[in-house]
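>>> next come a sequence and a model predicted from it.
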Amino acid sequence: MEWQPEPESLRQLIQLLNSTNMADNAVQQQNNQRLDQLSQVPDFINYLLFVLIFMKEENPMVRTVAGLLLKNKVRQDFANIPAQVLDYVVRNSIDGIGDSDTMVRHTLGTVVATVVTLGKIGNWPEILPRLMELLDSSEYAVVEGSWDILRKICEECDHELEEPLSNGTRPLNVMVPKFLTFFSSDSPVLREYAISTTTLFVTQRSECMQPMIDTFVVELFRRANDENPEVLKAVCKAVVALVETRPDKLMPELENVVNYMIHTTQNTDPDIAMEACEFWISFCEQEELIESLKPFLNRVVPTLMRGMVYSDEDLLMLDHDDNDAVVPDTDQDIKPRHHRARTHDHHQGDAAGGSSNSDGGNSDGDNSDGDNDDDYDSDDDDDDELYAEWNLRKCSAASLDVMSTAFGDHILEFVLPVLKEELASDDWRVKEAGVLALGAIADGCMTGMEPHMSSLLPYLIQWFKHEKALVRSISCWSASRYGKWAIYGAEANTIKVYFEPLLAGLLEAMMDNNKRVQEAACSAFATLEEEAGSYMGPYIHPVLETLNRAFGLYQRKNLIILYDAVGTLAEAVGPELNQPQYVQMLMPTIFERWNALQTDDQHMFPVFECLSAIALAVGPGFKPYAQSIYERSVHIVGETLQLSQQASQDPSVEAPNKDLVIVALDLISSVVQALGADSQLLVADHGGVALQLVGMCMVDAETDVRQSAFALLGDLAINCYALIQPQLDAIMQQLIPQIDRNFSHLNVCNNAAWSAGEIALKAGEEHMEGFVNPLLERLVPLLNNENTPLTLAENAAITIGRLGLVCPVVVAPNLEVFAQRWCFVLASVKDNDEKSSAFQGMMTMIGTNPHGISKAFLHFCQAAANWQTPDSRLLEMFVQTFAGLKQLAGGEWEASIGMLDPQSRQIIKERYNA
């Protein structure tokens, strides 16, 4: 006998489900508590299924809510649900799949797809045949409901569907031919389902799909002029999938395909046009296809440029001319922000090899961190801000950008006539689209645009004050794309003539009364200062004046970009910022905000990152603020780790955001680097708590936490080694295993290898000798593996060299194993103190074991020859080492003299009459 509900329990459940949509929060909370209690009842799943399938007299919304609760319950407790219960759910759901209500039908589909996805298709062999059989039903609701389940299963289990079942049949071999027949269904819904679902397997390069690809193409283009917009969008997506995976199937009919996509990119439905527009981006990303598009550029380019004009619908979403600077932002205005942990890269570090924050967190030039519609490639996922969604305008601009990169200046003969017309237009929307296009082609056509920039850039700067806020904002963005030309243009006085007006214009635009313009101007300013670097030095004072004014004007969202701009300034000008008047202008405002922030505030991350950049730039000038910032950062790390441990033991405790640990560790690193040797007093005064926390973070479950912990460990080794020494054994036991020969966690491995080298230099032979062989067992395979990422190989080589400098007797016997690869990897590394110490180590090892370098002698000479300015100690060591190899190297010795740098060659000739 089939299961039947207990009437009173069913009545209570229905009552609860009916009240789920009530606006009263108190009622909602009571309902949720009651539902949580009911969910513990063994038959709860059966009750929900009963309401979903059998209670057809109930409101469809109530039945749908029951189905969603059922789906969530299955997903949450799948492993603990008896098999017979799951069978009961699937069997009854499929029996009810023809429900007359579409919402209920689709909820049933979600339930079945959830069970099958979690349980694996092979464990439900009867499901697919049954659904395929139902596709032949004479009842539309049954067919549509079956399709809904099938497409959901295909989305979740695409790879499984290629695997043979127990009878040896691959499901897709049966499914795809059936799907193709629905391309010509009388129902537009089923046509769209069929095309979209089959396209999934084209995108995935499905092996089963390949024998049927020709039929797919034929059936697809029969729908090319379908009257239904959803079907047309599906057709466009399928064509894009073919370009990306099987362009050979389009090339024989390329002219027809291109003509069709040009036509469809101009469809009056912007959603269809946008899907078609994706074709141009995908096409230009296929290098082997690019040349074949050249004959069509005269039509494609103007089409794209017309697509950049704001539509009436776009403008309705924008409130674009509001003077809204004083309107507070809501939490929904600010998208979540994640800090990226530091990776040590000696290419970017300073001469002392401090752990550089290569990921920065600063504004990324043409991709502002806000939701700026002017930036077509903004990677925004905030669904609440409709204006920030990917649309035809952005897609057209991105297509032109990619196309300009692919074709370079060749594209200008088609862009410039349209651009000239648009920029001169009296219609502000057309003018704005022209400015967007001008920015879009900047990277790809910079050389070709140079002759025009002397007249165009002043116009852009003038439009920073245009009456329309959208023109002002896009002009800021577009001008910043040509910032490099304004700085490094061909004219000798380019700084005075172009850079200074551009900088002044952006600084003024940053104080605009429209928040969108503020955002665009601030992001553009960050791009410009990043390009300018040290050229920003003479302008620090007026820049800081503007930044301070902006801190008083900006609302919460734009403050995030402002912090990024401050950090970028610090990175650009470096130690020039370390002047008392500059520090006094900058730090009080930021320090006050830092002190006022709660740890759960979204501004914590940008403020941390901003302070890190300032600390590294001003160095000793940061000292008045160091203690307070250090103490709070240490407290945040400790508190977050403690909360995390509690959450792992008690499900009722909400797990904290570990990004706080990462950003705090990175700020401590910056403070340590800023204070140098003086940081030892700061760290010691607090009982070495930071070292204890670093030890905990080095073995944390999250890789980014470990990554930042090892970056800090290296900085502590450089500046506070005396505090590390008593704990060296424990630290090395934690460090060595993180140097993973398979570099599973690349940045952790990289920072651990670097910090081991820094520790070695300070520890000396007596304390380091016992750790050398365990380190070499990991570092040498990393170095010799040609698949090791270059930065990691370089750090491995430098650390091996430093180990050789400190413990040559232990390392030198292994010289022959790694010498050739070592020389090859370090030959092109930028000269700095890290490379210098590594080379000193190599030469010390050669002195200990000259025969170890014999097979790599010429590589050694080549690597040494790449030094630009070797210091006197290094030069003397090299000359002595080179001379000592004369007998060993034989004829290669004289031949190699020509490879050396002139200074070494001269010394050797004078000293050894070579």
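Arrived safely. Numbering: from 1, shown residues only.
>>> packing partners of the longest helix seen in the chain?
The residue-count maximum for a helix in the chain (DSSP state H) belongs to helix 746-784. Applying 3 or more CB pairs under 8 Å, 6 or more residues apart in numbering; DSSP states H and E, we find helix 746-784 packed against helix 703-719, helix 721-724, helix 728-735, helix 790-806, helix 808-811, helix 815-826, helix 833-848. C-beta coordinates here come from the backbone N, C-alpha and C atoms, glycine included.
>>> please convert these to JSON lines, extending it with mean pLDDT and mean neighbour count.
Formatted as JSON lines, these follow (pLDDT from 0 to 100; neighbours: other CB atoms under 10 Å):
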{"stretch": "helix 703-719", "mean pLDDT": "95", "mean neighbour count": "26"}
{"stretch": "helix 721-724", "mean pLDDT": "93", "mean neighbour count": "16"}
{"stretch": "helix 728-735", "mean pLDDT": "95", "mean neighbour count": "17"}
{"stretch": "helix 790-806", "mean pLDDT": "96", "mean neighbour count": "26"}
{"stretch": "helix 808-811", "mean pLDDT": "96", "mean neighbour count": "21"}
{"stretch": "helix 815-826", "mean pLDDT": "93", "mean neighbour count": "21"}
{"stretch": "helix 833-848", "mean pLDDT": "92", "mean neighbour count": "23"}
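>>> of all these, which lies closest to Val672?
helix 703-719 (4.7 Å; CB to CB).
>>> and the closest one, what does it pack onto?
helix 659-675, helix 679-685, helix 689-697, helix 721-724, helix 728-735, helix 746-784.
>>> contacting residues for the spatially closest residue to Gly98 that is not a sequence neighbour?
Using CB to CB, 6 or more residues apart in numbering and skipping residues adjacent in sequence, the residue nearest Gly98 is Val142, 3.7 Å away. The neighbourhood of Val142, defined by CB atoms under 8 Å, 6 or more residues apart in numbering, consists of 97-98, 134.
>>> try it again at 10 Å.
94, 97-99, 105, 134-136 (CB atoms under 10 Å, 6 or more residues apart in numbering).
>>> distance of it relative to Asn558?
As judged by CB to CB, to the nearest Å, Val142 and Asn558 stand 54 Å apart.
>>> picking that back up, adding distance to Glu529, write the helices and strands packed on helix 703-719 out as TSV.
TSV is the format used below for those (distance: least, CB to CB, whole Å):
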stretch	distance to Glu529
helix 659-675	19
helix 679-685	28
helix 689-697	32
helix 721-724	36
helix 728-735	37
helix 746-784	27
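>>> which one of the ones you listed is the most hemmed in?
helix 659-675 (a mean of 27; mean count of other CB atoms under 10 Å).
>>> distance from the chain centre to that one, please.
21 Å (CA atoms, centre = their mean, to the nearest Å).
>>> where does the stretch 451-600 of the chain dip in pLDDT?
490-493 (pLDDT under 70).
>>> just want the angle from the longest helix of the chain to helix 728-735.
If you take axes from the mean of the first three to the mean of the last three CA atoms, to 10 degrees, helix 746-784 sits at 90 degrees to helix 728-735.
>>> can you tell me the average pLDDT over helix 746-784?
The average pLDDT within helix 746-784 is 96.
>>> and for stretch 906-914?
Mean pLDDT, stretch 906-914: 63.
>>> CA atoms only for stretch 750-766 - export them in PDB, please.
What follows is stretch 750-766, C-alpha atoms only, in PDB (Å, rounded to 0.1, in the frame of the first residue of the first chain):
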ATOM      1  CA  ASN A 750      56.900  29.800  -3.900                       C
ATOM      2  CA  ASN A 751      56.800  31.800  -0.700                       C
ATOM      3  CA  ALA A 752      58.000  28.800   1.400                       C
ATOM      4  CA  ALA A 753      61.000  28.400  -0.900                       C
ATOM      5  CA  TRP A 754      61.800  32.100  -0.800                       C
ATOM      6  CA  SER A 755      61.500  32.300   3.000                       C
ATOM      7  CA  ALA A 756      63.800  29.300   3.400                       C
ATOM      8  CA  GLY A 757      66.500  31.200   1.500                       C
ATOM      9  CA  GLU A 758      66.100  34.300   3.700                       C
ATOM     10  CA  ILE A 759      66.300  32.200   6.800                       C
ATOM     11  CA  ALA A 760      69.500  30.400   5.600                       C
ATOM     12  CA  LEU A 761      71.300  33.700   5.000                       C
ATOM     13  CA  LYS A 762      70.600  34.700   8.600                       C
ATOM     14  CA  ALA A 763      71.000  31.300  10.300                       C
ATOM     15  CA  GLY A 764      74.500  30.500   9.100                       C
ATOM     16  CA  GLU A 765      76.100  27.100   8.700                       C
ATOM     17  CA  GLU A 766      75.800  26.000  12.400                       C
END
